[in-house]
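Participant: Please find the sequence and the predicted model below.
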Amino acid sequence: MSRPLPLRLLALTVARTALDILPLALLLIATRLVVGGADLAHPGRFGLGLVLTLSGLFLFLRGLELALFPVGEGLANGFARRGNLPLLLAFAFCMGFGATVAEPTLIATAAQAELASAGRLTALPFRLTVALAVGTALVIGVVRLLAGHPIHRYLMGGYLAAMGLTLVCPPELVGIAFDAGGITTSSVTVPLIAALGGGLASQLRGRDPLLDGFGLVAFASLLPILFVSLYGLWVFHHGQAGGIAVAAAGVETNLVEWLLRGLGETVRDLLPIVAVICFFQLGVLRSPFTGGRTLGWGVGWAVVGLWAFMEGLELAVFPLGKQLAHDLVARGGAAGITLFAFLLGFATTVAEPALIAIALKAEELSAGLVHPLALRLTVALGVGVGLAVGVVRIVYGGSLTLLLVAGYAVVVAATPWTPRPLLPLAYDSGGVTTSTVTVPLVVALGLALAAEVPGRNPLVDGFGLIALASLFPILTVIGYGIAGRWRAARKG
């Protein structure tokens, strides 16, 4: 079978990226037609932002496919074959740390957290804290996989610790901390983490790829909650506000200068993951890179793509979130806002590439026990319900802490009743649903909605939508598994 021509391969990648964006685009257009509202300010700048966002996402993902993903998977397999535990753990930590620092959704959300917290949660330390958590999570996950311990014992203890921290954290910190668990597992980290888990499970004797290969994503979603909670507790007791005036006004300065400065920041953001790969490939494995030209093009595309994507968010997606929140509050009412949130979660999750990949892999490893479409619909239902519940909380008021503690208490209580082969998949489902495009829009919508509704504080009420969108898929997949077991018992 001949290899696809470069132009054909390029066209297929463009078409796939467009399909990833299509559900969100159709929903936004339909909402705009139904709700109406005022025209956007600076339509030319908004149009430029849309072009940068879409082209940037395409270039970034294509760059990852050409360069970082193949090299990362090869490194994971190489260390697994060597059987050197310290090197394997060091690679797992550095890969998790480096990939998370370069995660576009984390970069965007960290900037919004800095603005909303009046500079107390500064963007770079926030990102480093989350990246440290993901690196530590992969180390724990690999140790668990090597030891063959049941995953639910680790995760239940982690969820209990998260609930305990939630009860002592200030309200301003709860939403940001739990959102951190959802934004870390997106287009960059999920394929790398899944490749690491699946590669190790297939290399080790006595390991079930379905039971042991999944679960690393769940660790990478859980530990950032704990780390950001502890970091935030220290900051809120000892930190000071300030230092955000330039960030808040950056778009209003010279546009060309602002874009060039963003390109330099993007190169800085991607340096950690490139440095990690180069160090372990050349310095530890002492193996040269193959396909140097392709690798170079991939790194270049990833840099330019991430730069364009981040600048496009600032120019288009975040202003769009504010405009939608204003129009929905003014014209759509509570029912319209809730319906929009549900459809936003459901439509974008069904088409989420990471979820599609995980669902197909689960079907393959379970020999057909897991139906991919049923799994995708179940997870999408959970995300839609989670966002709808979050919007209702913002509009009518309510305790995010209470919702999260109650939800994770149900997860812990239902775990013993869930079919064991489905448990790692259920836990992972909370981390594979956060799309690279959807997360910035949801964060912008939550913050803008909290600013529009009287009596709401953006820092307290604006964050938390991603946290609920990560919690409810775990509940729906667990419910799906328990219902399947009950139906099988009745037939038996």
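Facilitator: The structure has been received and is ready for your questions. Just so we're clear, the structure is a prediction, and the values are computed from it rather than from any experiment.
Participant: List the buried residues of stretch 44-53.
Facilitator: Of the residues in stretch 44-53, 46, 48-49, 52-53 count as buried by neighbour count, 16 or more other C-beta atoms under 10 Å. In this view, the C-beta of every residue, glycine as well, is placed from N, C-alpha and C.
Participant: Out of those residues, the closest to residue 345 would be?
Facilitator: residue 53 (19.6 Å; C-beta to C-beta).
Participant: Please, where are all the helices along the stretch 51-200 of the chain?
Facilitator: 69-82, 85-101, 104-116, 123-147, 151-168, 171-183, 189-203 (DSSP state H, counting those that start in this stretch).
Participant: same question but for the stretch 251-400 of the chain, I mixed them up
Facilitator: Using DSSP H, counting those that start in this stretch, the helices assigned to the stretch 251-400 of the chain run over residues 255-278, 292-312, 318-327, 333-350, 353-365, 372-396, 400-414.
Participant: Dump those to JSON lines, plus mean pLDDT and distance to residue 221.
Facilitator: Formatted as JSON lines, the helices of the stretch 251-400 of the chain follow (pLDDT from 0 to 100; distance: least, C-beta to C-beta, whole Å):
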{"stretch": "helix 255-278", "mean pLDDT": "72", "distance to residue 221": "19"}
{"stretch": "helix 292-312", "mean pLDDT": "79", "distance to residue 221": "22"}
{"stretch": "helix 318-327", "mean pLDDT": "72", "distance to residue 221": "23"}
{"stretch": "helix 333-350", "mean pLDDT": "83", "distance to residue 221": "15"}
{"stretch": "helix 353-365", "mean pLDDT": "68", "distance to residue 221": "12"}
{"stretch": "helix 372-396", "mean pLDDT": "91", "distance to residue 221": "14"}
{"stretch": "helix 400-414", "mean pLDDT": "91", "distance to residue 221": "12"}
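Participant: would you turn the ones you listed into TSV with mean neighbour count and distance to residue 159?
Facilitator: Shown next, in TSV, are the helices of the stretch 251-400 of the chain (neighbours: other C-beta atoms under 10 Å; distance: least, C-beta to C-beta, whole Å):
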stretch	mean neighbour count	distance to residue 159
helix 255-278	16	29
helix 292-312	20	32
helix 318-327	21	30
helix 333-350	21	22
helix 353-365	20	21
helix 372-396	23	16
helix 400-414	17	5
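Participant: Can you add distance to residue 470 and give those helices back as JSON lines?
Facilitator: Output for the helices of the stretch 251-400 of the chain, formatted as JSON lines (distance: least, C-beta to C-beta, whole Å):
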{"stretch": "helix 255-278", "distance to residue 470": "23"}
{"stretch": "helix 292-312", "distance to residue 470": "22"}
{"stretch": "helix 318-327", "distance to residue 470": "19"}
{"stretch": "helix 333-350", "distance to residue 470": "11"}
{"stretch": "helix 353-365", "distance to residue 470": "12"}
{"stretch": "helix 372-396", "distance to residue 470": "7"}
{"stretch": "helix 400-414", "distance to residue 470": "10"}
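Participant: circling back to that earlier point, pLDDT-wise, what's the bottom of the buried residues of stretch 44-53?
Facilitator: Lowest pLDDT within those is found at residue 46 (71).
Participant: Restricted to strands, list the buried residues of stretch 44-53.
Facilitator: Among the buried residues of stretch 44-53, no member falls in strands (DSSP state E).
Participant: with those in mind, which one is nearest to residue 304?
Facilitator: Distances from residue 304 to the buried residues of stretch 44-53, taken by C-beta to C-beta, are shortest for residue 52, at 10.4 Å.
Participant: show me the contacts for the closest residue to the closest one other than its chain neighbours.
Facilitator: Take residue 52 and drop its neighbours on the chain: the residue closest to it by C-beta to C-beta, 6 or more residues apart in numbering is residue 312, 3.3 Å away. Contacts here follow C-beta atoms under 8 Å, 6 or more residues apart in numbering; on that basis residue 312 touches 48-54, 56.
Participant: Please repeat the previous calculation with a cut-off of 7 Å.
Facilitator: If you count contacts by C-beta atoms under 7 Å, 6 or more residues apart in numbering, residue 312 has them with 49-50, 52-53, 56.
Participant: Turn those into a markdown table, including distance to residue 153.
Facilitator: Formatted as a markdown table, the contacts of residue 312 follow (distance: C-beta to C-beta, whole Å):
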| residue | distance to residue 153 |
| --- | --- |
| 49 | 46 |
| 50 | 46 |
| 52 | 45 |
| 53 | 42 |
| 56 | 41 |
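Participant: any idea which of those is closest to residue 390?
Facilitator: Residue 390 lies nearest to residue 53 out of the contacts of residue 312, by C-beta to C-beta, at 23.5 Å.
Participant: for the helices of the stretch 251-400 of the chain, which one sits closest to residue 238?
Facilitator: Going by C-beta to C-beta, the one of the helices of the stretch 251-400 of the chain nearest residue 238 is helix 400-414, 22.4 Å.
Participant: who touches the closest one?
Facilitator: Under C-beta under 7 Å, 6+ apart, the answer for helix 400-414 is 156, 159-160, 162-163, 166-167, 174-175, 178, 393, 464, 467-468, 471, 474-475, 478, 482.
Participant: hey, C-alpha coordinates of it in PDB?
Facilitator: Coordinates of each C-alpha in helix 400-414 appear next as PDB, following Å, rounded to 0.1, in the frame of the first residue of the first chain:
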ATOM      1  CA  LEU A 400     -19.000  24.600  44.400                       C
ATOM      2  CA  THR A 401     -17.400  22.900  47.400                       C
ATOM      3  CA  LEU A 402     -20.600  21.100  48.300                       C
ATOM      4  CA  LEU A 403     -21.100  19.900  44.700                       C
ATOM      5  CA  LEU A 404     -17.600  18.600  44.300                       C
ATOM      6  CA  VAL A 405     -17.500  16.900  47.700                       C
ATOM      7  CA  ALA A 406     -20.900  15.300  47.100                       C
ATOM      8  CA  GLY A 407     -19.900  14.200  43.600                       C
ATOM      9  CA  TYR A 408     -16.600  12.600  44.500                       C
ATOM     10  CA  ALA A 409     -18.200  11.000  47.600                       C
ATOM     11  CA  VAL A 410     -20.600   9.300  45.100                       C
ATOM     12  CA  VAL A 411     -17.600   8.200  43.000                       C
ATOM     13  CA  VAL A 412     -15.800   6.700  46.000                       C
ATOM     14  CA  ALA A 413     -19.000   5.000  47.200                       C
ATOM     15  CA  ALA A 414     -19.900   3.600  43.800                       C
END
